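Student: Just a sequence and a predicted model for now, questions to come.
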Amino acid sequence: MKSFIAFSVAFIGVTFTGCSTLQPRVYSEPPGAKLHLVSVHGVQPFMSRAYIGETPIQEFLLPEGFNNSDEFKKYLDKNKKRLYVEIESPGYQVKTVPLTKLIAADEDEDYKKTAIKLEHILDVEAIRGVATKEDVLSKVYKNVTVQTNMSGAIVYMNGVLSGNTPLTLSQLPGTYLLEVRHSQCKHGVHDIVRIKNTMEPNVYKLNLQGCEKTH
């Protein structure tokens, strides 16, 4: 049986100089889950990933690069389609959702219907009889392979620079914003991917567009 914690999320409309901005309210049970705001590479002044607080929170903490909360709210409103929120709590699978999804959740006042659920990584039976810490970690972390049609692409996992393709790394199971970019390609690629909490391989093949031909 899967275990989970539920997140209730809402956004309150705030008027600022004639613009509709966003003020988040994020709750969790149990409390204390860490939230990071993750952006598609190149959204400025935000540098890909920033800590924004622990649940329950009434307003995101102000990341570096912003002078005041009004400036940050305007940034959220302008870039909401290119921003994601990572929700992480020890012992649970990582959950990454588009900021626009959290905004949509506010349309339903019954937060139980729109709650985001985090599932346990392991149950007690899964680690019964495991001898060492290394054995436990081998069950917790999953290998992830990222491939691209042009090798050498830079890989970002939830805004963290992770290496170059072809790349294999270990991650906690859950959902992530995976992004690849290449200096010889005009367009990067990003998408939400699921790292399965099973023994099945996690292989992602991404096609970059507008790449220069090499000889």
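Tutor: Yep, that arrived.
Student: how does the protein divide into domains?
Tutor: 4-119, 133-211 (automatic domain parsing).
Student: Roughly how far does Cys211 sit from Val146?
Tutor: Between Cys211 and Val146 the computed distance is 17 Å (CB to CB, to the nearest Å). No exception for glycine: its C-beta is placed from N, CA and C like everyone else's.
Student: Which residue of these two possesses the greater neighbour count?
Tutor: Between Cys211 and Val146, counted using other CB atoms under 10 Å, Val146 has the larger neighbour count: 23 against 17.
Student: Assumed that one was part of a strand.
Tutor: Yes - assessed by DSSP: H, G, I helix; E, B strand; the rest coil, Val146 belongs to a strand.
Student: excluding its backbone neighbours, what's nearest it?
Tutor: Setting aside the residues directly before and after it, Val146 is nearest to Leu167 in space (CB to CB, 6 or more residues apart in numbering), at 4.8 Å.
Student: Can you name every helix or strand that the helix ranked longest in the chain contacts?
Tutor: Taking DSSP state H as the criterion, the chain has its longest helix at helix 69-79. Using 3 or more CB pairs under 8 Å, 6 or more residues apart in numbering; DSSP states H and E, the elements in contact with helix 69-79 are strand 4-16, strand 19-29.
Student: Which one of those strands has the poorest average confidence?
Tutor: Ranked by mean pLDDT, the helices and strands packed on helix 69-79 bottom out at strand 4-16, with a mean of 44.
Student: where in this structure is pLDDT low?
Tutor: For the chain, applying pLDDT under 70 flags the ranges 1-25, 27-30, 42-47, 103-116, 123-131, 133, 137-138, 214-215.
Student: Alright, that wraps it up for me.
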